[in-house]
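Visitor: here is a sequence together with a model predicted from it:
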Amino acid sequence: MRGKILKVYFIALLLGALTGIIGSVFQLAIARLSGIFHWVIVNVGTQSGLLTLLVSMVISALMAFLAWKMVVQIAPEASGSGVQEIEGALLNERPVFWRRLLPVKFVGGILAISGNLVIGREGPTIQMGGNLGGMLGEFFHLKRQRRNTLIAAGAAAGLATAFNAPLAGVLFVIEEMRNQFNFNFTNFKMVALCCVMATITTHMIMGADPAISMTVFAAPSLKSLLLFFIFGLIVGLAGWLFNVLLMRTLKLTDKLTTRQRLMYVTLVGALIGLLAVLYPEAVGGGYGIIEKSLTMSPSLGWLIPLVLMRLVTTLLSYNTSVPGGIFAPMLALGTLLGLACYKILIYWMPDLSTQPGMFAVAGMGALFSAAVRAPVTGIVLVVEMTQNYSLILPLMVSCLTSTTVVQLANNEPIYTQLLRRTLKNQRLKEHSL
């Protein structure tokens with residue numbers, strides 16, 4: 001018995017190391033290719049403004065097309081975020097084809113994200129981690145139950161790697177995948193060990209800096225918690241709207257023929273390339289705009305149009321079905337929404353010891369919590385990402401309030417809805433055959 005336990009713990013540590021390596025290389029490759037893309041645009045821009053637009057549009061469209069083509073022809077399960085695929089695998093309703101998924105998700109994700117589409121690296125890293133777990137489970141001839149634990153542990157390690165947030169990775173499995181994860185002490189330790197090892201590996205490769213560098217704030221006054229409660233109500237409505245719009249637009253694009261979808265992907269890629277030159281804040285995964293908005297004092301006239309623009313580009317990008325998630329775009333939307341709401345709410349109580357960055361932090365956690373319906377994960381994730389541990393209380397107020405709004409609206413967690421869509425499309429495809 002002890003030997004078996006030590007064996008699965010060793011496999012969990014190995015899985016964490018592999019996920020940390022793959023996730024880190026994934027991030028570095030995206031940064032490298034994005035840098036090359038930017039260098040080309042800058043150098044072309046010295047010759048002609050029109051040529052800059054054309055080159056940017058062609059490159060983004062080509063990257064989006066190649067990523068989409070890889071998904072369609074090789075690994076359809078690599079489409080989109082991938083979190084719903086992991087949940088489906090744990091329910092034994094979705095297969096784990098790690099041999100074809102890993103290269104497609106890795107290369108396709110690098111192409112799509114480097115092409116400035118408004119998608120994040122976190123979903124792909126989570127899915128790749130889960131598939132690495134399936135790979136090791138198959139390699140070591142583990143039973144289905146243990147193999148599922150490794151899939152969950154790999155997914156948690158993927159989140160820990162992407163955000164430099166090991167505790168959030170553990171909580172994500174417990175809270176978001178609570179209906180699929182077989183919880184017991186050994187399984188829990190496997191997940192925890194995997195996240196710890198993945199984070200250590202990531203630190204060795206990329207350093208231990210927080211995912212989002214920003215000011216570390218002191219705790220706000222208790223009186224200001226009323227503002228964070230009101231803010232939570234607003235973000236809860238925003239989270240509900242985000243979920244509704246995402247699912248409705250996906251329903252529309254699901255009706256497209258292959259040729260129509262090809263045109264859609266190409267046009268969206270070209271549009272993203274155009275915006276990358278004319279309005280760069282509206283495109284990209286989101287980390288750039290988060291850092292920019294936190295280091296400046298943007299006006300409402302700049303924030304509100306940008307929130308709307310990034311909402312539209314997020315929906316357009318995710319509907320292309322290229323490998324990429326919605327974590328980072330949601331965090332960016334939450335940040336911008338927090339800054340905008342701060343400028344409005346502070347008029348009510350101008351003498352409170354609150355700063356715009358506090359609402360930016362609360363916005364990240366509250367919008368994530370509302371859409372995913374995982375408030376504890378949202379709180380810990382944002383605290384680990386920003387290292388603002390003193391903001392736990394206002395984060396709890398905003399996150400719990402926003403998730404309550406979505407719960408009362410009877411809107412299911414976004415990944416539950418995405419999984420249901422995937423299973424429905426699978427049944428339709430099987431019926432057509």
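Guide: Yep, that arrived.
Visitor: show me the domain layout of this structure.
Guide: In terms of domains, the chain is parsed into 2-206, 222-424 (source: automatic domain parsing).
Visitor: now do the phi/psi pair for Gly80.
Guide: phi 70, psi -150 (degrees, to the nearest 10).
Visitor: give me the distance from the longest helix belonging to the chain to the chain's centre.
Guide: In the chain, taking DSSP state H as the definition, the longest helix is helix 2-45. Helix 2-45 has its C-alpha centroid displaced from the chain centroid by 15 Å (CA atoms, centre = their mean, to the nearest Å).
Visitor: packing partners of it?
Guide: Packing contacts for helix 2-45, counted by 3 or more CB pairs under 8 Å, 6 or more residues apart in numbering; DSSP states H and E, involve helix 49-73, helix 98-114, helix 122-139, helix 144-163, helix 185-206, helix 258-278. C-beta: built from backbone N, CA, C; applies to glycine.
Visitor: how about Ala208: what's its closest non-neighbour residue?
Guide: Asn164 (7.4 Å; CB to CB, 6 or more residues apart in numbering).
Visitor: for Gly325, that is, sorry about that
Guide: Gly123 (2.2 Å).
Visitor: do Gly16 as well
Guide: Gly16 sits nearest to Met197 (CB to CB, 6+ apart), 2.8 Å away.
Visitor: Ile21 is in contact with that neighbour, correct?
Guide: No: Met197 lies out of contact with Ile21 (CB atoms under 8 Å); the separation is 10.5 Å.
Visitor: so between the two, which is more surrounded?
Guide: Met197 (23 against 17; other CB atoms under 10 Å).
Visitor: follow-up on the earlier one: possible to save the helices and strands packed on helix 2-45 as CSV with distance to Trp302 and mean pLDDT?
Guide: Listed next are the helices and strands packed on helix 2-45 as CSV, based on distance: least, CB to CB, whole Å; pLDDT from 0 to 100:
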stretch, distance to Trp302, mean pLDDT
helix 49-73, 22, 93
helix 98-114, 25, 96
helix 122-139, 26, 94
helix 144-163, 27, 92
helix 185-206, 32, 93
helix 258-278, 15, 95
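Visitor: what about those helices, which gets the closest to Ala29?
Guide: For the helices and strands packed on helix 2-45, the distance to Ala29 is smallest for helix 98-114, at 4.9 Å, taking CB to CB.
Visitor: show me where pLDDT drops low in the stretch 251-400 of the chain?
Guide: Where the stretch 251-400 of the chain drops to pLDDT under 70, the residues are 351-352.
Visitor: which residues are in contact with Phe327?
Guide: 81, 120, 122-123, 162, 368 (CB atoms under 8 Å, 6 or more residues apart in numbering).
Visitor: what are the contacting residues of stretch 244-252?
Guide: 311, 315, 318-319, 326, 411, 414, 417-418, 421.
Visitor: cutoff 10 Å now
Guide: Outside of stretch 244-252, the residues within contact range by CB atoms under 10 Å, 6 or more residues apart in numbering are 80, 311-312, 314-316, 318-319, 321, 326, 371, 409, 411-412, 414, 417-418, 420-421, 425.
Visitor: can you give me phi and psi for the residue nearest to the spatial centre of the chain?
Guide: Among the residues of the chain, the one closest to the centroid is Phe327, at 2.1 Å (CA atoms, centre = their mean). Main-chain torsions, Phe327, degrees, to the nearest 10: phi -60, psi -60.
Visitor: that one and Phe229: what is the separation?
Guide: Here the criterion is CB to CB, to the nearest Å. By it, Phe327 lies 25 Å from Phe229.
Visitor: does the residue nearest to Gly325 touch Pro323 like I think?
Guide: Yes: when contacts are counted by CB atoms under 10 Å, Gly123 is listed as touching Pro323 (8.1 Å).
Visitor: between these two, which one's more packed in?
Guide: More crowded of Gly123 and Pro323, by other CB under 10 Å: Pro323, with 33 against 29.
Visitor: quick check: phi and psi at that one.
Guide: phi -60, psi 120.
Visitor: again with Leu91
Guide: phi -90, psi 0.
Visitor: and it, how many residues sit next to it?
Guide: Counted with other CB under 10 Å, Leu91 comes out at 14.
Visitor: what of Phe188?
Guide: For Phe188, the neighbour count with other CB under 10 Å is 16.
Visitor: now do Val25
Guide: 14.
Visitor: what's the answer for Gly169, then?
Guide: Gly169 has 34 nearby residues by other CB under 10 Å.
Visitor: tell me the contacts of it?
Guide: Gly169 neighbours (CB under 10 Å, 6+ apart): 16, 19, 126, 129, 153, 155-163, 191-192, 194-196, 198-199, 377, 380-381, 384.
Visitor: rerun that using 6 Å as the cut-off
Guide: Going by CB atoms under 6 Å, 6 or more residues apart in numbering, Gly169 touches 156, 159-160, 195.
Visitor: spatially, which two of those residues are the most separated?
Guide: Leu159 and Cys195 (8.1 Å).
Visitor: what ranges do the helices span in the stretch 201-350 of the chain?
Guide: 225-253, 258-278, 287-295, 300-318, 327-345 (DSSP state H, counting those that start in this stretch).
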